[in-house]
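J.: Kindly return the folded structure for what I paste below:
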Amino acid sequence: MRKFPLALLASVGGIALTAASALAQDSGPLLDMLVKKGLINDQEAEEVRADLTKDFASSPAGKLNLGSHITEFKLGGDVRLRHQIETQRAQGSTTWADQTRERFRFRLNGDVLMQKGWSAGFALETASAADSGNETFTNGNSDYGIYLARAFVAWQPNNNWKFVAGKQRNPLYTTDLVWDADINPQGLAEIYSYSLGGSDSIEFRSMQLIMGDNKESLLGNKGNDSWLFAQQVVFTKALGTAKLVLAPGFMTYGKSDLTLADKSNETQFNGTTNGLSLVTFAGEVGFANVVSAGNGVKLYWDSSYNTDANKRVHQVYGLPAATSSDALAWLVGVGYNHGTGKLAGDYGVKLDYRRLGIGAIDPNLSDSDFAFGNLNQTGFKLGGSYNLTDFASLNLAYFYTTDIRETLKQSQVAKLDASRILQVDLVVKF
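T.: Predicted coordinates:
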């Protein structure tokens, strides 16, 4: 009887252990070929098959064991390559400052569904900034850090209630006028959903976010942690093939003299959270199957009015008493999409115009790309996307802004006369 060569056995074992589990557990075609060539007999083939299955089960590749309480585990993410051209002119200057940057972003997301309504999730991404995951290619091929962008647990005891704790996805219905889309709030969130029949619904959404920690031994408001409280009602109504969403809300900070310092936001304001009590109102009217199936048009808006703008502008920003508080910020936009944005050939375009009063919003939360995060600015954002494949897309965004009041200047939040930014992105999802 011819013995099975050790080198050949090692090769078969190596191939099987580095392949998928199906190959490791069923190497039939390869073993049949060896039997046919007379290198092994039928009994030896069966013994090798059994050994390969056993080796795979005991190897690291075969030890992905999920608890019996886990019903679903999702992993995904994306890589984005960005070419960015930006130019800005400082308030009171006649000179433009230009810069071209090659940037990238990496994200890895994990979501776990468990029994009895429990779930959890995490996200890793490049860059430590709360309002941006972008890194600029520089420093001669140096490596880049990975940061924890989300870590949360959630409990949904029934179809109506959901509770979330930790650093989480933003549960509010909003635009980047008030909340930068890259920000993952940290704290507690509660959502109550109630069906009104059909596709109609009403939701009550609430957040309590810890923005900064303080020593409780300090006297007065200096000993209070900085908390942000947000409440919102989201009403959704189906109107034939159209959809209406109305989302009024209110956001305010608790009483704290804590100064938020040394944040890594791309355009941060390192100062107190006092003087921010925002009445917000966002919404949309969407029309499906416009002209032909698969085409959609959406009109959308957002707004913020700071009822405490005088304190914000004069005490926090230190601007003269004669300076107008300019408490209102607003955005209006229109979008068109062909397809859902998930399949090859789908595309969409969006255009919005917005105005940011100096006292209207929190500069640490709003979009860091529009006017480089500055207030006292007005302008537009034009965006477009095209799906090259089901998993890869080409995106474009262009921002153009100018100041509202030419003589107004604050060294951190209103230091810009005008700006232009062009971003060209290649996004590949996995």
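J.: Tell me how far stretch 358-367 lies from the chain's centre.
T.: 18 Å (C-alpha atoms, centre = their mean, to the nearest Å).
J.: Oh, that last question was meant for stretch 31-50, not what I typed.
T.: Using C-alpha atoms, centre = their mean, the offset of stretch 31-50 from its chain centre is 53 Å.
J.: For it, which residues meet the burial criterion?
T.: Buried positions in stretch 31-50, judged by neighbour count with 16 or more other C-beta atoms under 10 Å: 31, 34, 39, 40, 44, 45, 48, 49. In short, each C-beta sits where N, CA and C put it, glycine included.
J.: Stretch 318-331 too?
T.: For stretch 318-331, burial by neighbour count (16+ other C-beta under 10 Å) applies to 319, 323, 325, 326, 327, 328, 329, 330, 331.
J.: CSV for those residues, including distance to residue 343?
T.: As requested, those are exported to CSV (distance: C-beta to C-beta, whole Å):
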residue, distance to residue 343
319, 50
323, 51
325, 48
326, 44
327, 44
328, 40
329, 36
330, 34
331, 29
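J.: quick check, nearest of these to residue 266?
T.: Of all these, residue 329 has the smallest distance to residue 266: 19.1 Å, by C-beta to C-beta.
J.: If the closest one is in a bridge, with which residues?
T.: residue 304, residue 356 (DSSP bridges).
J.: Tell me who's in contact with it.
T.: Taking C-beta atoms under 8 Å, 6 or more residues apart in numbering, we find residue 329 in contact with 177, 178, 303, 304, 305, 354, 355, 356, 357, 360, 361.
J.: where in the stretch 151-300 of the chain is pLDDT low?
T.: The model of the stretch 151-300 of the chain has pLDDT under 70 over residues 257-264.
J.: Which residue ranges of it form strands?
T.: Assigned by DSSP state E, counting those that start in this stretch, the strands in the stretch 151-300 of the chain fall at 161-167, 186-197, 200-212, 226-239, 242-253, 277-288, 295-306.
J.: Quick one: closest of the ones you listed to residue 95.
T.: When the strands of the stretch 151-300 of the chain are compared by C-beta to C-beta, strand 295-306 sits nearest residue 95, at 32.2 Å.
J.: Quick one: name whatever helix or strand follows that closest one.
T.: Remark: after strand 295-306, the chain's next helix or strand is helix 309-311, criterion DSSP states H and E.
J.: follow-up on the earlier one: go through the contacts of residue 329 and name the one nearest residue 92.
T.: residue 356 (18.9 Å).
J.: residues near the closest one, how many?
T.: Residue 356: 30 surrounding residues under other C-beta atoms under 10 Å.
J.: picking up where we left off before, can I have the buried ones of the contacts of residue 329 as a PyMOL selection?
T.: Restricted to buried positions by 16+ other C-beta under 10 Å, the PyMOL selection for the contacts of residue 329 reads:
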select buried, resi 177+178+303+304+305+354+355+356+357+360+361
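J.: Quick one: residues contacting residue 145.
T.: 126, 127, 128.
J.: quick one: the first one and residue 106 touch, right?
T.: By that I understand residue 126. Yes - between residue 126 and residue 106 there is a contact at 4.9 Å, judged by C-beta atoms under 8 Å.
J.: Between these two, which contacts overlap?
T.: 133, 146.
J.: Those two: which has the busier surroundings?
T.: The neighbour count for residue 126 versus residue 106, taken as other C-beta under 10 Å, is higher for residue 126 (21 against 16).
J.: List the beta-bridge partners for that one.
T.: residue 146.
J.: Now do it against residue 182, distance only.
T.: According to C-beta to C-beta, to the nearest Å, residue 126 and residue 182 sit 11 Å apart.
J.: Report the distance from stretch 388-408 to the chain centre.
T.: 17 Å.
J.: actually stretch 225-242, not the one I typed
T.: On C-alpha atoms, centre = their mean, the centre of stretch 225-242 falls 18 Å from that of its chain.
J.: circling back: mutual contacts of residue 126 and residue 182, please.
T.: In contact with both residue 126 and residue 182: residue 133, using C-beta under 8 Å, 6+ apart.
J.: Tell me who's in contact with the residue nearest the centre of the chain.
T.: The chain has residue 182 as the residue nearest its centroid, 4.2 Å off, counting by C-alpha atoms, centre = their mean. By C-beta under 8 Å, 6+ apart, the contact set of residue 182 is 129, 130, 131, 132, 133, 368.
J.: now do 7 Å
T.: Neighbour list for residue 182: 131, 132, 133 [criterion: C-beta atoms under 7 Å, 6 or more residues apart in numbering].
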